[in-house]
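Asks: fold the following for me, if possible:
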Amino acid sequence: MTTDAVGACPGCGRSPGEDGRHHQRRLAAIARAASSVADAASLSVTLDVVAREVMQATHIAAVQILRVEQGSMRVAGKAGFTDADDFAERLEECRQLGARLVFVEAFERTERIVVLHRKAAVLADPRWAPLHVIMGAPEWDSFVAVPLVVRGRAVGVLNAYYSPGEDPGDETLEFLDAMADQAATAVDSADLLARSRLEAQLEERARLARELHDSVVQQVFSMRMHAKALRAQVGAATPEQVRGVADELLGLAQNALADLRGLVLQLHPLELAGRDLVAAVRTLAESVQAASGVRIEISGGELPPLPTELQDDAYRVVQEALNNVVKHAQATSAVVTLRAGGGRLMVEVRDDGVGLAGEPRPQALGLVSMRERAQRWSGTMEIGNTTGGCRVSVRMTMPADGRR
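Replies: Next up is the predicted model:
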């Protein structure tokens, strides 16, 4: 954007000093948006932050960030607009009426599109009637649609509604491109996280299926064979022989029942433990100790009331850590510590095994699962060797009101 002889911005009356301050605000907005993309656990929260930063750093009246999934668009972040839960439905009505959807064109062409004085045309067009109230609320004039592009593909679009008298200039357009990049990164990260969670769920299902087959199914099959043998011996076998087969059946039935209880506990730990984290972890420790021979101690003080979702995530962290102890650590004992303080729940599992041979693989499903559960509560996960073993430490933020 050029300046006139006295140094003011043509058409806007801003001095070079004001332009410099706007530039600084835009740079700060990009930095804050990048930080929110890295830290926020919720995509909708992140995109709302990006939308607000765009509004606060520029002369823009409203912002929408639309995400495209399976061919349909939905509002994933916004600022300056009133809440409209049925926006997507109204937008589809406009499309069916033949309205020109500029942001769809920007998405399909993966190119930024600028339309000056767009509001008047939208409000005068009957094909936009289903959205006249929503689109007419903010004070805006010109319109810019910037596609969200990541790794060469569009995943959404950022719509910027400029205040009257503010035509889109090169600097603000470049700023919108940068903020669209942040939004695209957030969408891509959310997609990757969803896929990794799905892979972890599929891996967990496969593990449960293997355990069912290797333990319960085999034991029930053996019980069937013993029952057949017992039936064949009725009338010919001695009471001692019958008693021996019956004892075998009883032992197999008890083992199968214990294995089934262990698997059910893994699926619904807190329901069986009365929604108490310490009790659920204690029951888990007893089950793991009985099955593996690894001595497990539970340490820590009394915990305050916690949301069920937080308890479940903490329980799963302990479950995965103990599973790793049994499978890889060659340990004889482990200590599980549960402690609350400073607004955080601390979960630690320490063993006396051989420790890590090298750096843990960051893409390992078990580590990914524990890290994601910590990040879901704005927390952290650390793993490393200690004197005589390995330690997994997870910290999760406890909601102040007891809810997530």
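Asks: pLDDT of the helix or strand harbouring A374, averaged?
Replies: Using DSSP states H and E, A374 sits in helix 365-375. In this model, helix 365-375 has a mean pLDDT of 81.
Asks: so after it, what's the next helix or strand?
Replies: strand 380-386.
Asks: parallel or antiparallel, list what pairs with that next one.
Replies: strand 389-397 (antiparallel) (DSSP bridges).
Asks: who touches the strand it pairs with?
Replies: 310, 313-314, 317, 321, 324-325, 329, 331, 343-356, 370, 373-374, 376-385 (CB atoms under 8 Å, 6 or more residues apart in numbering). Using the backbone N, CA and C atoms, a C-beta is placed for each residue, glycine as well.
Asks: emit the PyMOL select command for whichever of those are buried.
Replies: In PyMOL, a selection of the buried entries from these looks like this (16 or more other CB atoms under 10 Å):
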select buried, resi 310+313+314+317+321+324+325+329+331+344+345+346+347+348+349+350+351+352+353+355+370+373+374+376+377+379+381+383
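Asks: run the chain-centre distance for the helix holding A374.
Replies: 10 Å (CA atoms, centre = their mean, to the nearest Å).
Asks: check which helices and strands it is in contact with.
Replies: With contacts taken as 3 or more CB pairs under 8 Å, 6 or more residues apart in numbering; DSSP states H and E, helix 365-375 sits against helix 170-211, helix 308-324, strand 380-386, strand 389-397.
Asks: mean pLDDT added to the ones you listed, as CSV?
Replies: CSV is the format used below for these (pLDDT from 0 to 100):
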stretch, mean pLDDT
helix 170-211, 76
helix 308-324, 88
strand 380-386, 89
strand 389-397, 93
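Asks: output the below-cut-off pLDDT ranges for the stretch 101-250 of the chain.
Replies: For the stretch 101-250 of the chain, the stretches flagged by pLDDT under 70 are 193-194, 196-202, 204-219, 221-222, 226, 231-237.
Asks: tell me where it has strands.
Replies: 113-115, 143-150, 153-162 (DSSP state E, counting those that start in this stretch).
Asks: which residues touch E111?
Replies: P147.
Asks: sorry, wrong one. I was asking about G244.
Replies: Contacts of G244 (CB under 8 Å, 6+ apart): none.
Asks: I134 versus that one, what's the distance?
Replies: 79 Å (CB to CB, to the nearest Å).
Asks: again with C390
Replies: 55 Å.
Asks: these two: which is more packed in?
Replies: C390 (24 against 18; other CB atoms under 10 Å).
Asks: surely D313 touches M381?
Replies: No: counting by CB atoms under 8 Å, D313 stays clear of M381, with 11.1 Å between them.
Asks: overlap of the contact sets of the two?
Replies: Contacts common to D313 and M381, judged by CB under 8 Å, 6+ apart, are R373, A374.
Asks: OK, contacts around the closest residue to R282 other than its chain neighbours?
Replies: Once flanking residues are discounted, R282 sits nearest to I298: 5.3 Å by CB to CB, 6 or more residues apart in numbering. Residues near I298 by CB under 8 Å, 6+ apart: V278, V281, R282, A285, V335, V336, L338.
Asks: for the residues you listed, which two are the farthest from each other?
Replies: V278 and V335 (14.0 Å; CB to CB).
Asks: okay, now the domains of the chain?
Replies: 16-191, 290-404 (automatic domain parsing).
Asks: kindly indicate which of the contacts of I298 lies nearest Q64.
Replies: Of these, the one sitting nearest to Q64 (CB to CB) turns out to be L338, at 43.6 Å.
Asks: before we move on, the earlier item: parallel or antiparallel, list what pairs with the helix or strand hosting the residue nearest to R282.
Replies: Secondary structure assigned from DSSP H and E places I298 in strand 295-299. As defined by DSSP bridges, the strand partners of strand 295-299 come to strand 333-341 (parallel).
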